[in-house]
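[1] build the 3D model from these lines:
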Amino acid sequence: MVLPVIKTLDKAGIAGSCPDLHEGDQVISVNGNAALSNVQTVQMLRDAVGTIVLAVRVRVGVRVRANPNLNPNPNP
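    Got it, this is the predicted structure:
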């Protein structure tokens, strides 16, 4: 099974305005239902009403999220 991957995000859309979604992320589930293909996942998103809960996996090597609270040199 190949998990659906977010290929592009429309920054003007709802998903595009979510700071935790990025191109390259893999969609695992939509509202608790397994995302088994790109076509099925898109249809689940189109059919969804109200709050949508996505489980996603960040693609390794696509990006690094910096955490400003982490100090790489704890003893300055």
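[2] go ahead and name everything in contact with whichever strand or helix holds Leu45.
    Secondary-structure element containing Leu45, defined by DSSP states H and E: helix 38-47. For helix 38-47, the external contacting residues (C-beta atoms under 8 Å, 6 or more residues apart in numbering) are 4-5, 27, 30-31, 33, 35, 52. (Glycine included, C-beta is placed from N, CA and C.)
[3] what's the spacing between that helix and its chain's center?
    Centre-to-centre, helix 38-47 and its host chain are 14 Å apart (C-alpha atoms, centre = their mean, to the nearest Å).
[4] could you do stretch 25-43 as well?
    The chain centre lies 11 Å from the centre of stretch 25-43; the measure is C-alpha atoms, centre = their mean.
[5] quote the end-to-end distance of it.
    When the termini of stretch 25-43 are compared using C-alpha to C-alpha, to the nearest Å, they are 18 Å apart.
[6] when you give positions from now on, start the count at 798
    Taking 798 as the first residue, the last one we looked at is stretch 822-840.
[7] list the buried residues of that stretch.
    Using 16 or more other C-beta atoms under 10 Å as the test for burial, stretch 822-840 gives 822-824, 826-827, 832, 838.
[8] stretch 814-832: end-to-end distance?
    Length of stretch 814-832, first residue to last, C-alpha to C-alpha: 21 Å.
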